[in-house]
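*Asks:* coords please:
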Amino acid sequence: MEASGLEHELATLDAQGFVVLPGLLSPAECEEVRAALAPHLDQGLLGRNPFEGHRTERVYALVGLGGIFERTALHPRVLALCDRWLQPGYLLTASQAIRIHPGEKAQDVHFDDAFYPIPRPRAPVSMSTIWAVDAFTERNGATEIWPGSHRLGDAEVANTYALNGVSATTRGDFEGKLVTATMPAGSCIVFLGTLLHRGGANRSDAPRLAFSHQYCQPWARQQENYFLAIPRERAEGMPERLQAMLGYSVHPPFMGHARGLHPRRWLDGKL
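*Replies:* Predicted coordinates:
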């Protein structure tokens, strides 16, 4: 990527809290995603609560299910953005597929790194991506975002959260701040962990498929425990940088060690 293109994307992230990168997946790669997910979908495993979505399928630890997910987790366009916002040695904190079925309601508004109890406004602890395997439209559950909300303080966010679940009339101006992230299949939206957003309602007659990789600071606890979720023999064959993102790494001086040694030695059979 030319520096000017990267700088424009970074400036957009800084100003709006998100940036859309079109055409990161080819049609053939979208089909590769569908094929890799086929054994894991249509199993009747829908969300357990309104946040996961009672009409939404989720496949967790996605990065362990196929090469296409390894490659997208390491996509240079995405990592170039993460490199500027996160410290060296940042981790993969979540990796999941999300298929929203017709009839699903909109999620509550939230921000992805809310579980790190650090006062806002602040720099993000995490960055998120959502990859559109199906086109995101106004009707099929496209992500809805609040541009600029990454700069809001704790009190403003608390007031916004208090509006979750109340009538649209009461929500009033809040609903008007949300923008639907419509984008063609193969696009990827990258956003800061402090940006307010939600999964939209699917008012169409077909499911909407996407997947998400999320990254966090190297000192932050990951959402997913990849040591348990991804078998060792699978992790052994992954690129070294991805192994490090899963947690087979050390954040200086010694966060993440195993018996005082680098955890990659465990993968290499040297522990």
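
*Asks:* At which residues are the strands of the stretch 101-250 of the chain located?
*Replies:* With DSSP state E, counting those that start in this stretch as the criterion, the stretch 101-250 of the chain has strands at 126-132, 144-145, 179-180, 188-192, 197-198, 208-216.

*Asks:* Give me the neighbour count for F115.
*Replies:* Neighbour count of F115, defined by other CB atoms under 10 Å: 11. For every residue, glycine as well, the C-beta is placed using N, CA and C.

*Asks:* Kindly report the same for the one 10 residues further on.
*Replies:* Counted with other CB under 10 Å, the neighbours of V125 add up to 22.

*Asks:* for the one 4 residues further on, same thing?
*Replies:* For T129, the number of neighbouring residues by other CB under 10 Å comes to 23.

*Asks:* give me the beta-bridge partners of it?
*Replies:* On the basis of DSSP bridges, T129 is bridged to V190.

*Asks:* correct me, but it touches L81?
*Replies:* No: checked against CB atoms under 8 Å, the pair T129 and L81 is beyond contact range at 9.1 Å.

*Asks:* got any residues that touch both of the two?
*Replies:* Contact criterion CB atoms under 8 Å, 6 or more residues apart in numbering; residues bridging T129 and L81 by contacting each: V190.

*Asks:* shaky segments in the stretch 151-271 of the chain?
*Replies:* 165-174, 270-271 (pLDDT under 70).

*Asks:* how does it look with 90?
*Replies:* 156-177, 259, 261, 264-271 (pLDDT under 90).

*Asks:* I'd like the strands of the stretch 101-250 of the chain written out as a markdown table, with distance to P117 added.
*Replies:* A markdown table is the format used below for the strands of the stretch 101-250 of the chain (distance: least, CB to CB, whole Å):
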| stretch | distance to P117 |
| --- | --- |
| strand 126-132 | 14 |
| strand 144-145 | 23 |
| strand 179-180 | 28 |
| strand 188-192 | 17 |
| strand 197-198 | 20 |
| strand 208-216 | 14 |
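
*Asks:* mind listing what's buried in stretch 140-155?
*Replies:* For stretch 140-155, burial by neighbour count (16 or more other CB atoms under 10 Å) applies to N140, G141, A142, T143, E144, I145, W146, P147, S149, H150, L152.

*Asks:* What is the lowest-pLDDT residue among those?
*Replies:* Among the buried residues of stretch 140-155, G141 carries the weakest pLDDT, at 91.

*Asks:* That one against N202, yeah?
*Replies:* Yes: counting by CB under 8 Å, N202 is a contact partner of G141 at 3.8 Å.

*Asks:* Need the residues touching each of the two.
*Replies:* What both G141 and N202 touch, as defined by CB under 8 Å, 6+ apart, is the set I100, E104, R208.

*Asks:* give me every residue that touches the second one.
*Replies:* In other words, E104. E104 neighbours (CB under 8 Å, 6+ apart): G53, H54, R55, T56, G141, G199, A201, N202.

*Asks:* cool, the first one as well?
*Replies:* In this structure, I100 makes contact with G53, R55, T56, N140, G141, G199, G200, N202, P207, R208, judged by CB under 8 Å, 6+ apart.

*Asks:* try it again with 7 Å
*Replies:* Applying CB atoms under 7 Å, 6 or more residues apart in numbering to I100 gives the contacts G53, R55, T56, G141, G199, N202, P207, R208.

*Asks:* The fourth one contacts R208, correct?
*Replies:* The one in question is G141. Yes: judged on CB atoms under 7 Å, G141 makes contact with R208 at a distance of 4.5 Å.
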